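# Attaching a predicted model along with its sequence, questions to come.
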Amino acid sequence: MTREEKSQVIEELTAQLGENTNIYLTDISGLDAGTTSKLRRACFKSNIKLAVVKNTLLEKAMEASDKDFGDLPTTLKGNTSVMYAETGNAPAKVIKEFRKKSERPLLKGAFIEEAIYIGDDLLDTLVNIKSREELLGEIVTILQSPAKNVISALKSSGGTIAGIVKTLSEKEG
């Protein structure tokens, strides 16, 4: 690979790191062609981009990126594959499901919405992370409950202030 080709790869990796908020570093070494193909298919179905990278080029891209990857570059030893996803826990779920039948992929580390996780022992933690959409859904549900009580009180009180207060106090008791 020429110096120009390396520079091009580093630029592309830097762009991908900048565009993605959920980045997993994994080790898929030892997977045969058929198993690797199944992993790629599982990633595709879960809207995850999987790419094998050279550690030195990825490290340079991390350095060039605006993001602070903390200790994540220390995991760049041996075989490294990168998983990019829109949902923070999607790659962890794919890895966990895949590991029911295979020893790999191993989780080296992850960068999830600016938080850094290092080590395969954090896989379950990452599986349980809720996506932004899931959290927003829970917040909306929590906020709707009191609003529904007020609307209900307005409807059943006949529209007077005293009636509204009386209905709300009866619901609290």
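Right, received. Where do you want to start?
# could you say what helices and strands the lengthiest helix in the chain packs with?
Taking DSSP state H as the assignment, the helix of the chain that covers the most residues is helix 132-156. For helix 132-156, the contact count by 3 or more C-beta pairs under 8 Å, 6 or more residues apart in numbering; DSSP states H and E identifies helix 161-172 as packing neighbours. Placement of C-beta: from N, CA and C, glycine included.
# Could you give the average pLDDT over the helix it packs on?
Averaged over helix 161-172, pLDDT sits at 66.
# Spatially, which residue comes closest to G70, not counting chain neighbours?
What sits nearest to G70 in space, not counting adjacent residues and going by C-beta to C-beta, 6 or more residues apart in numbering, is I116, at 4.5 Å.
# Got the phi and psi for A110?
phi -150, psi 150 (degrees, to the nearest 10).
# pLDDT wise, what is it at?
97.
# pretty sure it is in contact with P91, am I right?
Yes: with contact defined as C-beta atoms under 8 Å, A110 and P91 form a contacting pair (7.4 Å).
# quick one: common contacting residues for these two?
Residues within reach of A110 and of P91 at once, by C-beta atoms under 8 Å, 6 or more residues apart in numbering, are 22, 24, 126.
# now the chain, which segments are flagged as low pLDDT?
Counting by pLDDT under 70, the low-confidence segments of the chain come to 147, 149-150, 153-154, 156-169, 171-173.
# show me where it has helices.
In the chain, the helices defined using DSSP H lie at 3-19, 33-45, 55-64, 90-98, 123-127, 132-156, 161-172.
# So which other helices or strands are in contact with the fourth one?
What it means is helix 90-98. Under the contact criterion of 3+ C-beta pairs under 8 Å, 6+ apart, helix 90-98 touches strand 22-27, helix 33-45, strand 48-53, strand 80-85, strand 106-112, helix 123-127.
# JSON lines please, covering these and showing distance to E11.
Formatted as JSON lines, the entries for these read as follows, by distance: least, C-beta to C-beta, whole Å:
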{"stretch": "strand 22-27", "distance to E11": "17"}
{"stretch": "helix 33-45", "distance to E11": "24"}
{"stretch": "strand 48-53", "distance to E11": "13"}
{"stretch": "strand 80-85", "distance to E11": "15"}
{"stretch": "strand 106-112", "distance to E11": "19"}
{"stretch": "helix 123-127", "distance to E11": "29"}
